[in-house]
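>>> got a predicted model here, sequence first, then my questions.
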Amino acid sequence: MAAVSAQAHVMVRAPRPGDGHAVAALWRELWDVHEGWGGYPGAKDEATYARVAARIEHEARARQGSFALGRHLHLVATLAGEVIGQVEGWHDRYGVDAQTPSTCEVRSLVVASGARHCGAGAALLRSLGDAASAIALGSTVLAAEVLEPNPAHAFYEKVGYTPVAYNLRTTTANARWPERARTATARDALPIAILESALATRRKRVQDARFDPPRAVDASWLGAIAAHLQNVEGQMPLELVALDVTGAVRACATLLVMTLDPPFLPVRRAALARASIDPAVDPDELLPPLVELAAHIAARNGAATMEITDLPPPATPMYDAVRRTGAVPWSRVVTRLVRPLPRPV
């Protein structure tokens with residue numbers, strides 16, 4: 001399409017029947033660009049995007065003009081009646097504390113290449129935030145993962161987003177089961193609870209509002225952790241722990257391996273998340289075996305690469321320790337707190 005001016009009037013609405021092919025074309029543009037930046041490969045065949053278009057048509061009829069369908073939010077931007085952009089959101093809650101806001105994950109934000117710089121991206125995010133906070137009946141954190149090569153970092157900064165977590169990526173080839181790391185068991189409930197508090201403290205320090213603040217370790221929490229570990233032992237997601245020289249648990253993280261859905265090609269994606277270490281121990285002692293074990297398990301489950309997510313900023317001991325394992329910058333998570341619109345009186 002022809003380039004549009006910054007003065008063009010952009011409208012944001014819910015997808016309607018008839019939008020399917022236009023939205024699927026935007027998805028294809030987004031996936032092609034991300035693959036060029038080293039992201040996971042997307043499908044190239046027309047049949048896949050025809051199925052995507054058909055699914056969008058079906059969902060549009062089910063939405064009946066609403067942005068929301070369950071926890072899934074979908075908005076499109078139009079110019080002179082033509083769909084030029086879209087964004088999806090996934091509404092969730094990561095905490096149990098009454099003061100912790102809900103989270104809306106920003107997914108597949110894209111504006112057609114010929115319609116950039118007309119305000120469509122900002123309008124989509126603004127409307128997504130308003131819709132998410134209306135559903136939550138309160139403040140909501142919008143969170144977007146942005147690949148490091150993506151020039152959209154400047155855009156997100158301009159519209160008020162700040163980075164709260166950094167993600168690295170490593171290959172899984174030749175990874176072995178290390179001596180000082182293993183899968184967690186119910187016996188590890190106490191050290192994991194203490195490490196969870198350390199993780200919450202770290203998140204609070206970088207003002208990541210998606211999660212609960214640190215909490216005191218009590219019997220009910222320990223019991224819940226032990227029961228969880230006993231019920232899911234050997235299943236994904238896997239809880240992993242790293243040990244110090246005495247055999248005590250001093251670090252933990254969660255490994256998830258999944259198959260990507262279309263329009264991605266069906267490759268296996270692995271992520272090591274929620275890594276937490278005892279602040280009194282050198283990260284270079286604890287993180288390499290944790291990453292090595294996760295990579296070994298990920299490889300056994302068919303993943304050629306693994307992301308290490310939810311890390312503190314570069315030039316911090318924990319981030320740099322993971323970098324020294326051979327992992328390279330992959331993406332970062334940026335967030336913005338959206339407060340509900342005032343109700344008319």
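Right, received. Where do you want to start?

>>> for stretch 47-61, which positions count as buried?
48, 49, 52, 53, 56, 57, 59, 60 (16 or more other C-beta atoms under 10 Å). Yep, even glycine has a C-beta here, placed from its N, CA and C like the rest.

>>> and which of those residues is nearest residue 132?
Nearest to residue 132 among the buried residues of stretch 47-61: residue 59, at 17.5 Å, using C-beta to C-beta.

>>> residues touching the closest one, list them.
Shown in contact with residue 59 (C-beta atoms under 8 Å, 6 or more residues apart in numbering): 15, 69, 72, 74.

>>> can we see that at 10 Å?
Contact partners of residue 59, counting by C-beta atoms under 10 Å, 6 or more residues apart in numbering, are 14, 15, 17, 20, 69, 72, 74.

>>> relative to residue 241, which of those residues is nearest.
Closest approach between these and residue 241, by C-beta to C-beta: residue 72, at 34.4 Å.

>>> how many neighbours does residue 134 have?
15 (other C-beta atoms under 10 Å).

>>> likewise the one 5 residues further on?
The local packing of residue 139 (other C-beta under 10 Å) involves 17 other residues.

>>> could you check how far it is from residue 235?
For residue 139, the distance to residue 235 (C-beta to C-beta, to the nearest Å) stands at 34 Å.

>>> can I see the domain layout of this protein?
As assigned by automatic domain parsing, the chain contains the domains 11-160, 169-332.

>>> do you know which of the ones you listed lies nearest residue 339?
domain 11-160 (5.0 Å).

>>> what's the end-to-end length of the closest one?
From its first residue to its last, domain 11-160 covers 21 Å (C-alpha to C-alpha, to the nearest Å).

>>> for it, what is the average pLDDT?
Per-region confidence: domain 11-160 scores 94 on mean pLDDT.

>>> you'd agree residue 335 is in a strand?
Yes. Assessed with DSSP: H, G, I helix; E, B strand; the rest coil, residue 335 lies in a strand.

>>> farthest-apart pair in the contacts of residue 59, please.
Maximum distance among the contacts of residue 59 (C-beta to C-beta): 17.0 Å, for 17 and 72.

>>> mind checking the end-to-end distance for stretch 157-165?
One end of stretch 157-165 to the other measures 15 Å (C-alpha to C-alpha).

>>> list the buried residues in that stretch.
In terms of neighbour count (16+ other C-beta under 10 Å), stretch 157-165 has its buried residues at 160, 161, 163, 164, 165.

>>> find the nearest non-adjacent residue to the last one, please.
Pointing back at residue 165 there. residue 333 (4.2 Å; C-beta to C-beta, 6 or more residues apart in numbering).

>>> show me what that neighbour is bridged to.
Residue 333 has the following beta-bridge partners by DSSP bridges: residue 145, residue 165.

>>> surely it touches residue 163?
Yes. Counting by C-beta atoms under 10 Å, residue 333 touches residue 163, with 6.8 Å between them.

>>> what is in contact with these two at once?
146, 208.

>>> centre of the chain versus the host helix or strand of residue 191, how much separation?
Of the helices and strands defined by DSSP states H and E, residue 191 is found in helix 189-205. From the chain centre to the centre of helix 189-205 is a distance of 20 Å (C-alpha atoms, centre = their mean, to the nearest Å).

>>> in the next helix or strand after that helix, what counts as buried?
Reading on from helix 189-205 to the C-terminus, the next helix or strand found by DSSP H and E is helix 219-231. For helix 219-231, burial by neighbour count (16+ other C-beta under 10 Å) applies to 221, 225, 226, 229.

>>> in terms of pLDDT, where does the second one sit?
Residue-level confidence at residue 225 comes out at 91, pLDDT.

>>> residues in contact with the closest residue to it other than its chain neighbours?
In this structure, residue 225 finds its nearest non-sequential neighbour in residue 189, 4.3 Å apart by C-beta to C-beta, 6+ apart. Residue 189 sits next to 217, 221, 222, 223, 224, 225, 226, 227, 228, 229, 230 when contact means C-beta under 10 Å, 6+ apart.

>>> list the contacts of residue 112.
Residues near residue 112 by C-beta under 10 Å, 6+ apart: 1, 4, 22, 25-26, 29, 77, 79, 82-86, 120.

>>> buried only: go through those residues for me.
4, 22, 25, 26, 77, 79, 83, 84, 85, 86, 120.

>>> quick check: closest non-adjacent residue to the second one.
Right, the one you point to is residue 22. Per C-beta to C-beta, 6+ apart, closest to residue 22 is residue 83, 3.9 Å.

>>> same thing with the fourth one?
Nearest-residue entry for residue 26: residue 110, 4.9 Å, with adjacent residues in sequence omitted and distances by C-beta to C-beta, 6+ apart.

>>> strand partners of whatever helix or strand that neighbour lives in, parallel vs antiparallel please.
Secondary structure assigned from DSSP H and E places residue 110 in strand 102-111. According to DSSP bridges, strand 102-111 has the following sheet partners: strand 82-92 (antiparallel), strand 140-147 (parallel).

>>> chain center to the first one, what's the gap?
Between the centre of strand 82-92 and the centre of its host chain there is 16 Å, according to C-alpha atoms, centre = their mean.

>>> three-state assignment of residue 279?
Under three-state DSSP, residue 279 falls in the coil class.

>>> surely it meets residue 198?
Yes. The pair residue 279 / residue 198 is scored as a contact, 6.1 Å apart, by C-beta under 10 Å.
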